[in-house]
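**Q** predicted coordinates and the sequence they were generated for:
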Amino acid sequence: MDFYLAQDLAVRLRDACPYRSGALRMSISRVQGTENEYVITIGNNQGKEVNGCCATVEYAAITNFNKLLYYKKKNGDIISYNNPNYHWVNKTVAEWVRANKLNFTIKEE
């Protein structure tokens with residue numbers, strides 16, 4: 001996609017991104033593939049923590065694809081709850097496609 005479409009998508013994704021520490025939001029970037037083509041990346045493999053949270057590719061996938069999320073309480077109990085951000089990337093990309101009147105086939109990885 002071209003620079004302006006990539007920039008628009010990156011901004012929309014940052015706006016829709018779940019926010020706890022800001023690490024995942026800050027990991028969303030526009031990367032130039034060739035002279036006229038850009039891709040958007042979400043998450044990184046750096047393993048760098050920001051306020052105790054890693055913005056890894058795995059974490060980005062969990063926030064988008066898992067219907068249920070789990071956390072362990074201090075007493076060892078595991079609590080599950082519905083993911084309020086389920087498919088946040090998918091919904092944002094679909095909205096971006098409609099807004100820009102694009103004829104895209106969307107592949108998910």
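**A** Happy to help now that I have it.

**Q** what about dumping the CA coordinates of stretch 64-76 to PDB?
**A** What follows is stretch 64-76, C-alpha atoms only, in PDB (Å, rounded to 0.1, in the frame of the first residue of the first chain):
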ATOM      1  CA  ASN A  64      -6.800  -9.500  19.000                       C
ATOM      2  CA  PHE A  65      -7.500 -13.300  18.700                       C
ATOM      3  CA  ASN A  66      -8.400 -14.600  22.200                       C
ATOM      4  CA  LYS A  67     -12.000 -14.500  23.200                       C
ATOM      5  CA  LEU A  68     -11.100 -15.200  26.800                       C
ATOM      6  CA  LEU A  69      -8.200 -13.800  28.800                       C
ATOM      7  CA  TYR A  70      -6.800 -15.200  32.000                       C
ATOM      8  CA  TYR A  71      -4.800 -13.900  34.900                       C
ATOM      9  CA  LYS A  72      -3.500 -15.400  38.100                       C
ATOM     10  CA  LYS A  73      -4.400 -13.900  41.400                       C
ATOM     11  CA  LYS A  74      -1.900 -13.600  44.200                       C
ATOM     12  CA  ASN A  75      -3.600 -16.500  46.000                       C
ATOM     13  CA  GLY A  76      -3.000 -18.700  42.900                       C
END
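
**Q** tell me which residues in that stretch are buried?
**A** The neighbour-count criterion (16 or more other CB atoms under 10 Å) identifies Asn64 as the buried residues of stretch 64-76. (Each C-beta comes from the backbone N, C-alpha and C, glycine too.)

**Q** give me the contacts around it.
**A** Residues outside stretch 64-76 that contact it (CB atoms under 8 Å, 6 or more residues apart in numbering) are 62, 78-83, 85-90.

**Q** closest to Thr56 out of these?
**A** Ile62 (9.2 Å; CB to CB).

**Q** which ones are touching the closest one?
**A** Leu69.

**Q** that one is in what secondary structure piece?
**A** Assessed by DSSP states H and E, Ile62 sits inside helix 57-65.

**Q** so for the helix or strand following that helix, what's the average pLDDT?
**A** For helix 57-65, the succeeding helix or strand toward the C-terminus, using DSSP H and E, is strand 68-72. Averaging the model's pLDDT scores along strand 68-72 yields 92.
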